[in-house]
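Student: Only the shape, not the letters, is given here:
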């Protein structure tokens, strides 16, 4: 018996025989299923509402982290005035839709050595207007001794941690019961220098969850178990306000809710004053608990009515529906399927131009149209694949040409100045991680006695970084050849790179001008890795320099040059972070200590400059062990010979 019609007929006969035995169990089974469906329905509703609140909580935590990032940048400003701090807080709080207020709070004397307290706070007042509140930045308030500040400060262990305070009454700013999400503000060394906080009005939460009322006598309960605090309880009309802020021991059913989890809504049956209830409880992301309590009698009231109606209809229509189904299936499904199988066989033989008849308007017709679309899509895919393959080959070829052009634009003749080989020598090389690189080096004579050199690392990768690199290289060289001092050259280059920099790219660089007549090196650091300096007869050590700031970010940034007198035999080694941030398969980085160790292996031997760079590159490759690197490696070394 292989035909579909015969199989359907057998199924119908079997179903009629089994139905007589199964019907006696129907009432019990359907009631149980309906109860489960009803419970699942409310469970899904509470799950959805709790996810909405969790979304708000997540937004609050992200808002706190965003404010902390802005505060960390503000901490790096030279001008840390109140006006800028207030502007940062106002601009950020306006973009946080769920926040009632927020602020930046610095540890004593961190922002200003002359001020113990330094904070910036803004909140929405009674007129829903965002305004600054300077009351908090006073000795009288002393935010350092506030409970919320101490709890958050203790809870934040590292960058990215967010800690929630217990609910408390804010009598000054928002003038309401709030909870606060806070995270740390860190300096470049990773030390916490303050907190960034976002406030959330409890009333906003209560207003949102009070709309959850699946039945007439259901009620909402929300609390903070960690701090033994009732946020909302609508069990008795008129008592919600009185219960807010009280201990959980005033709610006798809370003991049943302790089994609730964070992952999903827990369905917990319990009895209250002799009546059976179902609690739909879940612990929220920040530790608060939301629970909806529904009387069992109201929860399943409609189920009993539905059972009675369904039983009366089931017996009447079951046999008729099954008989009609058998006739319809035999007539309208079996024959069209057979025809469709014949047409599909032709497609399967590779004839993609063949069209299947789409005359039927039912699912068989839809299936035929689907096969026709599949045939068309397959043809289009084959053609598109051929075009894309050709396009990828062309792009690959163009990238190879671009990489060669970029390589040819960098100085590659060594020694670079044969007529001055007795005075100094210099060697440099670059190894790109991608087809084109964002690192670059350059060196050139400004005049008969001064040579300029630079090593730099552009943000980003690929073609955009390569184009920005060429712009930076050309601009720097033009300014250097104009006769300016080292600091002025970097300032003019930075200003030029900031202009029309809509993509916000930047470049770090170390730039130096070495005077052969005086043996004095004038150098400026633009946020780049510190070079290594080796004096004749000594080992390599880090060159003292200012941290500096990357070029292309702040237009009128001031830069300062340092100077250093070099002697015969001194060497200066410069590199990009592709060396120290090279990683192996364990995720470990090469690091500055390992670099210093490699350079000092032959510090007291007379070695070729090319050999020194090769030794570093070999060490990096050995450390990486074949792990693909994401950053370019660029190195430059200068030696004084007289």
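Tutor: Structure's in. What do you need? Small disclaimer: the values here were computed from a predicted structure and weren't measured.
Student: what about the longest helix anywhere in the chain, distance to the chain center?
Tutor: The helix that spans the most residues within the chain, counting by DSSP state H, is helix 26-76. Taking CA atoms, centre = their mean, to the nearest Å, one finds helix 26-76 lying 20 Å from the centre of the chain it belongs to.
Student: following it, which helix or strand comes up?
Tutor: Where DSSP states H and E defines the elements, the next helix or strand beyond helix 26-76 is helix 82-94.
Student: can you pull the buried residues of that next one?
Tutor: 85-86, 88-89, 92-93 (16 or more other CB atoms under 10 Å). To be clear about C-beta, it is placed using only N, CA and C from the backbone, and glycine gets the same treatment.
Student: Who are the packing partners of it?
Tutor: Packing contacts for helix 82-94, counted by 3 or more CB pairs under 8 Å, 6 or more residues apart in numbering; DSSP states H and E, involve helix 26-76, strand 101-106, strand 118-124, strand 130-132.
Student: Residue 147 and residue 63: what is the separation?
Tutor: Going from residue 147 to residue 63 by CB to CB, to the nearest Å gives 22 Å.
Student: Compare these two and say which is more crowded by neighbours.
Tutor: More crowded of residue 147 and residue 63, by other CB atoms under 10 Å: residue 63, with 25 against 10.
Student: Now do stretch 456-476: everything it contacts.
Tutor: 402, 406, 409, 433-442, 454, 489-490, 492-493, 496-497, 503, 505-511, 526, 528, 550-552, 576-578, 630, 632, 634 (CB atoms under 8 Å, 6 or more residues apart in numbering).
Student: all helices for the stretch 201-350 of the chain, in order.
Tutor: With helices called from DSSP state H, counting those that start in this stretch, the stretch 201-350 of the chain shows them at 202-209, 240-243, 254-257, 296-299, 301-332, 334-348.
Student: rank the ones you listed by mean pLDDT and give me the bottom one.
Tutor: Lowest mean pLDDT within the helices of the stretch 201-350 of the chain: helix 240-243, a mean of 58.
Student: Check the offset of stretch 290-301 from the chain's centre.
Tutor: Worked out by CA atoms, centre = their mean, stretch 290-301 lies 40 Å from the chain centre.
Student: domains in this protein, as residue ranges please.
Tutor: Domains of the chain are assigned by automatic domain parsing as 1-209+302-332, 210-299, 338-403, 410-640.
Student: lowest-pLDDT helix or strand in this protein?
Tutor: Least confident helix or strand, the chain: helix 240-243 with a mean of 58, by mean pLDDT, DSSP states H and E.
Student: what's the neighbour count on the closest residue to residue 283 other than its chain neighbours?
Tutor: Leaving out its chain neighbours, the residue that sits closest to residue 283 by CB to CB, 6 or more residues apart in numbering is residue 262, at 4.6 Å. Residues near residue 262, counting by other CB under 10 Å, number 12.
Student: who's in contact with residue 262?
Tutor: Listed by CB under 8 Å, 6+ apart, the contact partners of residue 262 are 282-285.
Student: From residue 271, how far out is it?
Tutor: Using CB to CB, we find residue 262 at a distance of 26 Å from residue 271.
Student: rank the domains of the chain by pLDDT, which is bottom?
Tutor: domain 338-403 (a mean of 66).
Student: Show the contacting residues for residue 528.
Tutor: Neighbours of residue 528 in contact, by CB under 8 Å, 6+ apart: 455-457, 508-510, 548, 576.
Student: before we move on, what about residue 115?
Tutor: By CB under 8 Å, 6+ apart, the residues touching residue 115 are residue 109.
Student: State the three-state secondary structure for the residue nearest to residue 65 when sequence neighbours are not counted.
Tutor: Nearest residue to residue 65 in three dimensions, chain neighbours excluded: residue 183, at 5.5 Å (CB to CB, 6+ apart). What DSSP: H, G, I helix; E, B strand; the rest coil gives for residue 183 is strand.
Student: what bridges to residue 183?
Tutor: Beta-bridge pairing for residue 183 (DSSP bridges): residue 162, residue 196.
Student: Just give me the neighbour total for it.
Tutor: 29.
Student: next one: residue 316
Tutor: So residue 316, with other CB under 10 Å, has 9 neighbours.
Student: Can you give me the distance of it to residue 594?
Tutor: Counting by CB to CB, the gap from residue 316 to residue 594 is 84 Å.
Student: Now a ChimeraX select for only the buried ones of the contacts of stretch 456-476.
Tutor: Selection of buried members from the contacts of stretch 456-476 for ChimeraX, criterion 16+ other CB under 10 Å:
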select :406,433,434,435,436,437,438,439,440,441,442,454,489,490,492,493,496,497,505,506,507,508,509,510,511,526,528,550,551,552,576,577,578,632,634
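Student: In strands, which of the contacts of stretch 456-476 fall?
Tutor: The strands, defined by DSSP state E, take in 439-442, 454, 507-511, 526, 634 from the contacts of stretch 456-476.
Student: And those residues, which is closest to residue 606?
Tutor: The closest of the ones in strands among the contacts of stretch 456-476 to residue 606 turns out to be residue 441 (CB to CB; 24.1 Å).
Student: May I see the buried residues of stretch 632-642?
Tutor: Those would be 632-640, for stretch 632-642 by 16+ other CB under 10 Å.
Student: so which pair among the contacts of residue 528 is furthest apart in space?
Tutor: 548 and 576 (14.7 Å).
Student: Same list (the contacts of residue 262) but as JSON lines, adding neighbour count.
Tutor: Below are the contacts of residue 262 laid out as JSON lines (neighbours: other CB atoms under 10 Å):
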{"residue": "282", "neighbour count": "25"}
{"residue": "283", "neighbour count": "20"}
{"residue": "284", "neighbour count": "20"}
{"residue": "285", "neighbour count": "18"}
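Student: Among these, which ones are in strands?
Tutor: 282-283.
Student: The contacts of residue 262 into a markdown table, with extra columns for distance to residue 119?
Tutor: Listed next are these as a markdown table, based on distance: CB to CB, whole Å:
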| residue | distance to residue 119 |
| --- | --- |
| 282 | 35 |
| 283 | 32 |
| 284 | 28 |
| 285 | 27 |
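Student: Closest to residue 68 out of the contacts of residue 262?
Tutor: Distances from residue 68 to the contacts of residue 262, taken by CB to CB, are shortest for residue 285, at 18.2 Å.
Student: Go through whichever strand or helix holds residue 475 and flag the buried ones.
Tutor: According to DSSP H and E, residue 475 maps onto helix 462-480. By 16+ other CB under 10 Å, the buried positions in helix 462-480 come out as 465-469, 471-473, 475-477, 479-480.
Student: From residue 224, how far out is residue 96?
Tutor: Here the criterion is CB to CB. By it, residue 96 lies 22 Å from residue 224.
Student: What is the neighbour count of the closest residue to residue 287 other than its chain neighbours?
Tutor: Counting by CB to CB, 6+ apart, the nearest residue to residue 287 once its immediate chain neighbours are dropped is residue 226, at 5.1 Å. Number of residues near residue 226 (other CB under 10 Å) recorded here: 12.
Student: Does the residue nearest to residue 65 touch residue 196 like I think?
Tutor: Yes - contact criterion CB atoms under 8 Å: residue 183 and residue 196 qualify, at 5.7 Å.
Student: so what's in contact with the two at the same time?
Tutor: With CB under 8 Å, 6+ apart, residue 183 and residue 196 have common neighbours 64-65, 68.
Student: right, and out of these, which lies closest to residue 178?
Tutor: For those, the nearest to residue 178 is residue 64 (13.5 Å; CB to CB).
Student: Please report the distance of that closest one from residue 80.
Tutor: Counting by CB to CB, the gap from residue 64 to residue 80 is 21 Å.
Student: out of those two, which sits in the more crowded spot?
Tutor: A direct count of neighbours by other CB under 10 Å for residue 64 and residue 80 places residue 64 higher, at 27 against 15.
Student: Who are the contact partners of residue 505?
Tutor: By CB under 8 Å, 6+ apart, the contact list for residue 505 reads 458-460, 464-465, 468, 552.
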